[in-house]
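> Test case, fold it:
(one chain, ligands or ions: 1)
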Amino acid sequence: MLARGDQVRGIDNLSTGKQENIADILDRIDFVERDIIDLDAMRTACAGVDFVLHQAAIPSVPKSVLDPLGSNRANIDGTVNVLVAARDAKVKRVVYAASSSAYGDTPTLPKHEAMSPHPISPYAVAKLASEHYMVSFYRCYGLETVSLRYFNIFGPRQDPSSPYSGVLAKFITLMLRGEQPTIYGDGEQSRDFTYIDNAVDANLLACSAPAVKTAGKVFNIATGRRVALNETFKLLEPLTGYKGQPQYGPERGGDIKHSLADISQAEAALGYKPKVNFEEGLRRTVEWYRGK
Ligand code: UD2
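As a prediction, the model looks like this:
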C-alpha cells in the first residue's frame, strides 16, 4: 500500500504479531498499539479512513477449544466494534479476514461459497458469526463489506513460537534447527495452504472491485490445490536440510480432515488468481526463517 502511495494506519495489540515485523516502515505509517475490543480506539482509528482491512483475531482452533470466551470476545465483539466505528466514520469499505474453518468437516470437496457452513470449533463459529455481521452491516446500514475466507495462510513473519502457531511456521523453524516436528493424527489430513502474497493481493482487489460484485459477499481465498501434511513434511526435507522423521501424536480436537477451495467466485468478482504457488511459497518462507 505504501509502494502505491497510500497513506497507511496500522492498529494491533501485538498479541501474536511483533512491532519488529514492521520496523522498516514504522516511520512511514501511523501505527497505534490498541486492541479491537476498545471501541473508542476503533473510532479514533477509523477517523478519515477510506478502507479498513480487518485482519485482527485470535487465530487458533485449539486455543478457542480451551478458551471459547476469549475467542468470542476477540473474534466477534472485536469485529462488531470495528464495524460500528467504520459505519459511523463513513468508511467506504471494510474487508474482513474470514476463515475456511467455517466449512467444517463437510465431505464435499472443493468447498464453495454456496455450501451451508458447518463450523466445528468455537474459533470457526466466531469467524463465521463475524461474516454474518459483515453482511448485516451492508444490508442494514449500507456499509460496503467484503469477507475473504482465507485457507491456511502462511509466509514470512508468522509467529512460530506458540503451541497455537500455524503448522508451517512451526515445522519450518523446528526442522531448520534439526528438531523433530509432531504430526497430529496420521498426517493424511490436507490443507489448501496459501502463501501470504496471495492474501495481500486479494485484499487490494477487494478494495477496488465494483461494489455490485462484492459488497455484502463472501469469497474463498486459496490456491485451489490441497497438500497432505505428510507430503508437506517431504517437501520441507530438502528445503530445510532436516534428516530425521516426524513424530506422530494424537489427532487434535476440533480438527478438520480435508480442506480445498473452489476459487472461481473470487476470480470472477475480484479478478483474483493465486500468484505464488505452494512450493514457491514454501521456498520463500524457509529462506526468510533461515535468514533470521
Ligand atoms: C484453521 C483454518 C485456517 C485459519 C487457521 C487459523 C481450517 C481448514 N483452516 O487452520 O484457514 O483460519 O485455522 O488458526 O480450518 N498440526 C500438526 N502439528 C503441529 C501443528 C498442527 O500436525 O505442530 C496439524 C493440525 O492438527 C491440522 C494441520 O496441522 O491438522 C493444520 O493446523 P493449523 O493449526 O496450522 O491450521 P488449521 O487447519 O487449524
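
> which regions of the protein sit below the pLDDT cut-off?
The model of the chain has no residue with pLDDT under 70.

> for the ligand, what are the nearby residues on it?
Neighbours of the ligand within the chain, by C-beta under 6 Å from any ligand atom: 59-61, 99-101, 150-152, 166-167, 170, 182-184, 189, 191, 229, 252, 255-256, 259. (Each C-beta comes from the backbone N, C-alpha and C, glycine too.)

> Which of those residues fall in strands?
Among these, the ones falling in strands (DSSP state E) are 99, 150, 182, 183, 184, 191.

> Measure how buried the third one is and give me the count.
The one in question is residue 182. Neighbourhood size, residue 182 [other C-beta atoms under 10 Å]: 13.

> and if you look at the last one?
When neighbours are counted by other C-beta under 10 Å, residue 191 registers 23.

> Touching, it and residue 152? I think so.
Yes - with contact defined as C-beta atoms under 8 Å, residue 191 reaches residue 152; the gap is 4.5 Å.

> Can you list the residue ranges for strands in the chain?
Remark: strands assigned in the chain by DSSP E are 9-12, 30-33, 51-54, 93-99, 144-150, 153-154, 182-184, 190-191, 194-195, 217-221, 227-228, 247-249.

> does residue 25 really touch residue 2, like I thought?
Yes - using C-beta under 8 Å, residue 25 makes contact with residue 2 at a distance of 6.1 Å.

> what is in contact with those two at once?
residue 8 (C-beta atoms under 8 Å, 6 or more residues apart in numbering).

> neighbour count winner among those two?
More crowded of residue 25 and residue 2, by other C-beta under 10 Å: residue 25, with 13 against 10.

> check contacts around the more buried one.
Residue 25 neighbours (C-beta under 8 Å, 6+ apart): 2, 8.

> Try it again at 7 Å.
By C-beta atoms under 7 Å, 6 or more residues apart in numbering, the residues touching residue 25 are residue 2.

> what bridges to the closest residue to residue 14 other than its chain neighbours?
Take residue 14 and drop its neighbours on the chain: the residue closest to it by C-beta to C-beta, 6 or more residues apart in numbering is residue 33, 6.0 Å away. Listed beta-bridge partners, residue 33: residue 12 (assigned using DSSP bridges).

> what's the spacing between residue 33 and the ligand?
22 Å (C-beta to the nearest ligand atom, to the nearest Å).

> give the contact list for that residue.
By C-beta under 7 Å, 6+ apart, the contact list for residue 33 reads 12, 13, 14.

> Residue 215 is in contact with residue 144, isn't it?
Yes - Residue 215 lies in contact with residue 144 (C-beta atoms under 7 Å); the separation is 4.3 Å.

> Identify the contacts common to the two.
Applying C-beta under 7 Å, 6+ apart, one finds that residue 215 and residue 144 are jointly contacted by residue 138.

> Tell me which stretches of the stretch 51-200 of the chain form helices.
With DSSP state H, counting those that start in this stretch as the criterion, the stretch 51-200 of the chain has helices at 61-66, 68-72, 78-88, 122-141, 167-176, 196-208.

> so who does the closest residue to residue 278 other than its chain neighbours touch?
Nearest in space to residue 278, with sequence neighbours left out and distances taken as C-beta to C-beta, 6+ apart, is residue 193 at 5.6 Å. Residue 193 is in contact with 152, 154, 168, 227, 278, counting by C-beta under 7 Å, 6+ apart.

> Now do the contacts for the first one.
Which is residue 152. Residue 152 is in contact with 100, 191, 192, 193, 194, 259, counting by C-beta under 7 Å, 6+ apart.

> Likewise for residue 68?
When contacts are counted by C-beta under 7 Å, 6+ apart, residue 68 touches residue 122.

> burial of the closest residue to residue 217 other than its chain neighbours, as a residue count?
Counting by C-beta to C-beta, 6+ apart, residue 146 is the residue found nearest to residue 217 once chain neighbours are left out, at 6.3 Å. Look at residue 146: counted by other C-beta under 10 Å, it has 28 neighbours.

> residues in contact with residue 146?
Taking C-beta under 7 Å, 6+ apart as the test, what residue 146 contacts is 93, 95, 96, 206, 214, 215, 217.

> Alright, I will stop here.
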